[in-house]
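[1] Sequence first, predicted coordinates after that:
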Amino acid sequence: MSIADNLKQYKSEVESDGVKLIVVSKTQSIESIQEAYNAGQRIFGENQVQEMVDKQSQLPADIEWHLIGHLQSNKVKYIAPFVKLIHGVDSLKLLQEIDKQAAKNKRVIDCLLQIYIADEDTKFGLGFDEAIELLRSEEYARLQNVRIVGVMGIATNTKNEKQIAIEFNELKVLFDGLKLSFFRKDDYFKEISSGMSADYKIAIEEGSTMVRIGSAIFGKRVIKHFKTDISIN
Ligand SMILES: *Cc1c(COP(=O)(O)O)cnc(C)c1O
């Protein structure tokens, strides 16, 4: 199956459930992304700042670029002019930097709080209590140029579907609690970014509103990284 065929199949499957498809294009070539674009896709997710900036400059301007991976504060300035949604906000310090760079660009940048749900040491994210603490803080209340539109989570990399379902359910329960406590009147707080190629079906059953799918559409990623001329340190 071609990239275009895969895209159409996944897009219609998830959109029929009312879920948004983020096509994860990290490590993929400009040509492959263009093929998905030509087949109708407009939302792409990248996890490296340098790669996203480089691709954004070479691809059509109506693409929505989502930063899905861990983001270092010192790199926010490179994506602040154009990024549509930052999925991986995992500290107040990062949120403050996004706010500062968004203000410089006269924008409000949408963000998701990344919540730690996996049973693994290696994943980034806020604990439930930390997310609540952040939203209660005076520092957060002062921010004018960021808008938290929901939460994001990555489940444990396991074949145990029951465990994955429990983790995504925990994310949904937290989302519902935050909605009631902090965003009751805010219609924009509505997104749950959860689910990748291997577990998107479970994620949708457990309340996902955005799935992030890469390898199921483009094929298995080769380890070789996307070549770039832009140097960001
Ligand atoms: C790579 C990545 C994905 C997509 O993974 P696939 O298994 O290729 O679908 C989703 N989310 C994040 C945060 C990623 O880094």
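    Noted; the coordinates are in hand.
[2] Where does A102 fall, secondary structure wise?
    Assessed by DSSP states H and E, A102 sits inside helix 92-104.
[3] go on, F175?
    helix 161-182.
[4] list the helices and strands the helix holding A102 packs on?
    helix 76-79, strand 85-89, strand 109-115, helix 138-141, strand 146-153 (3 or more Cβ pairs under 8 Å, 6 or more residues apart in numbering; DSSP states H and E). (Each C-beta comes from the backbone N, C-alpha and C, glycine too.)
[5] Show me what the helix or strand following the helix holding F175 is packed up against.
    Remark: after helix 161-182, the chain's next helix or strand is strand 191-193, criterion DSSP H and E. Packing partners of strand 191-193 (3+ Cβ pairs under 8 Å, 6+ apart): strand 146-153, helix 161-182, strand 210-213.
[6] please redo it, this time with the cut-off set to 6 Å
    Contacts defined by 3 or more Cβ pairs under 6 Å, 6 or more residues apart in numbering; DSSP states H and E place strand 191-193 against strand 146-153.
[7] for G214, what are its contacts?
    Contact analysis of G214 by Cβ atoms under 6 Å, 6 or more residues apart in numbering lists V24.
[8] Make CSV out of the helices and strands packed on helix 92-104 and add distance to I202, mean neighbour count and mean pLDDT.
    Formatted as CSV, the helices and strands packed on helix 92-104 follow (distance: least, Cβ to Cβ, whole Å; neighbours: other Cβ atoms under 10 Å; pLDDT from 0 to 100):
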stretch, distance to I202, mean neighbour count, mean pLDDT
helix 76-79, 30, 20, 98
strand 85-89, 18, 24, 98
strand 109-115, 17, 24, 98
helix 138-141, 31, 11, 98
strand 146-153, 12, 23, 98
